[in-house]
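Novice: predicted model, plus sequence, below.
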Amino acid sequence: MTGQSVRVWWARLEDGHAGLRALLDPVERARYEATADPANRGRFLVGCALSRLALGDLLGLPPADVPLRRVCPRCGGPHGKAELALPRASGGSGVDFSVTHSGGTVGVAVCRGAAVGLDVEECDARLDVDTVAPGALTDTELAALYARPAAERRSAFLRTWTRKEAVLKALGVGLSVSLRGLEVTAPDASPAVLAWPEQLAARPEPAMADMIVDGTHPASVAVVGAGALRLDRRDASATVAAYGREG
């Protein structure tokens, strides 16, 4: 099977432990210590660790030697999207990665030669689809959602959401662009973009794939700048849980 290879690593909030803090740089450590909510602090720690483990595996580097930087495009502060900070001569050219987390699930997608976006959403019974769907779906998508039986709407909505967010993350714009302007195929059809928002005009057709994590949570990955997509999925919970522990 040919196509753009994307490695998607998954871990869980419960895999975090104090030994992973050795992988944080000074900026990340300050952010970690300033985060009051324990769950958010844990997700940030696991996300940083998983990013360095996945990128180190791709680049042939020890995780601790993988440098990341965060620069806000608006203010220049150290809190923007994480990027690989390796010079071309060190193999960093053309490598992209995307981090996602929801609830107790954390994921990182890494690839060479294309921009990648990854999103996962916890399948939470507390989600009020009637409240959030009108702000995220096009009129066509919304009509199709309400044509489904009520019991199917939450999962259908979350599948559509993960596809949209993965595409916008791959383009580097995230949720600064309204989800309502981006239309994708129906949840039970192969993932593809049907219409772009005006802010983005027509873009190259992204390669996309859907996943289910832990048998429950919908996730999607999108790659821009490549043809077909080939997934290499890895459950990295044991790797994250073991890293940095004594003995």
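Specialist: Yep, that arrived. This one's a predicted model, so the numbers in the text were calculated from it and none came from an experiment.

Novice: wait, isn't Gly94 in contact with Arg112?
Specialist: Yes: with contact defined as Cβ atoms under 8 Å, Gly94 and Arg112 form a contacting pair (5.3 Å). No exception for glycine: its C-beta is placed from N, CA and C like everyone else's.

Novice: the more surrounded of the two?
Specialist: Arg112 (17 against 13; other Cβ atoms under 10 Å).

Novice: what bridges to that one?
Specialist: For Arg112, the beta-bridge partners are Val95 (DSSP bridges).

Novice: quick one: mean pLDDT for the longest helix belonging to the chain?
Specialist: Across the chain, the longest stretch assigned as helix under DSSP state H is helix 38-59. What helix 38-59 shows for mean pLDDT is 96.

Novice: now the end-to-end length of stretch 141-152.
Specialist: 14 Å (Cα to Cα, to the nearest Å).

Novice: could you do stretch 197-209 as well?
Specialist: End-to-end distance for stretch 197-209: 21 Å, by Cα to Cα.

Novice: again, but for stretch 209-224
Specialist: Stretch 209-224 has an end-to-end distance of 12 Å (criterion: Cα to Cα).

Novice: so how far is it from its chain's centroid?
Specialist: Counting by Cα atoms, centre = their mean, to the nearest Å, stretch 209-224 is centred 9 Å from the centre of its parent chain.

Novice: and stretch 48-67, by the same measure?
Specialist: Distance, centroid of stretch 48-67 to centroid of chain: 17 Å (Cα atoms, centre = their mean).

Novice: also stretch 19-36?
Specialist: 20 Å.

Novice: pLDDT of stretch 141-152, averaged?
Specialist: 96.

Novice: show me what counts as buried in it.
Specialist: Neighbour counts over stretch 141-152 (16 or more other Cβ atoms under 10 Å) mark Glu141, Leu142, Leu145 as buried.

Novice: so in terms of bridging, what pairs with the closest residue to Arg43 other than its chain neighbours?
Specialist: Excluding the flanking residues, the one nearest Arg43 by Cβ to Cβ, 6 or more residues apart in numbering is His101, at 4.5 Å. Note on His101: beta-bridge partners by DSSP bridges are Val106.

Novice: which strands or helices does whichever helix or strand comes after the longest helix of the chain pack on?
Specialist: On the C-terminal side of helix 38-59, the closest following helix or strand by DSSP states H and E is strand 68-70. Counting contacts by 3 or more Cβ pairs under 8 Å, 6 or more residues apart in numbering; DSSP states H and E, strand 68-70 packs against helix 38-59, strand 82-84.

Novice: what about strand 68-70, distance to the chain center?
Specialist: Between the centre of strand 68-70 and the centre of its host chain there is 16 Å, according to Cα atoms, centre = their mean.

Novice: what's around Ala54, how many residues?
Specialist: Using other Cβ under 10 Å, Ala54 has 25 other residues around it.

Novice: whoops, I mixed them up, Ile212
Specialist: Applying other Cβ under 10 Å, we find 13 residues neighbouring Ile212.

Novice: quick one, domains of the chain?
Specialist: 1-114+226-247, 119-223 (automatic domain parsing).

Novice: ok, of those domains, where does mean pLDDT dip lowest?
Specialist: Comparing mean pLDDT over the domains of the chain, the weakest stretch is domain 1-114+226-247, at a mean of 88.

Novice: return the residues in contact with Leu118.
Specialist: Contact partners of Leu118, counting by Cβ atoms under 8 Å, 6 or more residues apart in numbering, are Val8, Ser98, Val99, Thr100, Gly107, Val108, Ala109, Ala166, Lys169, Ala219, Ser220, Val221.
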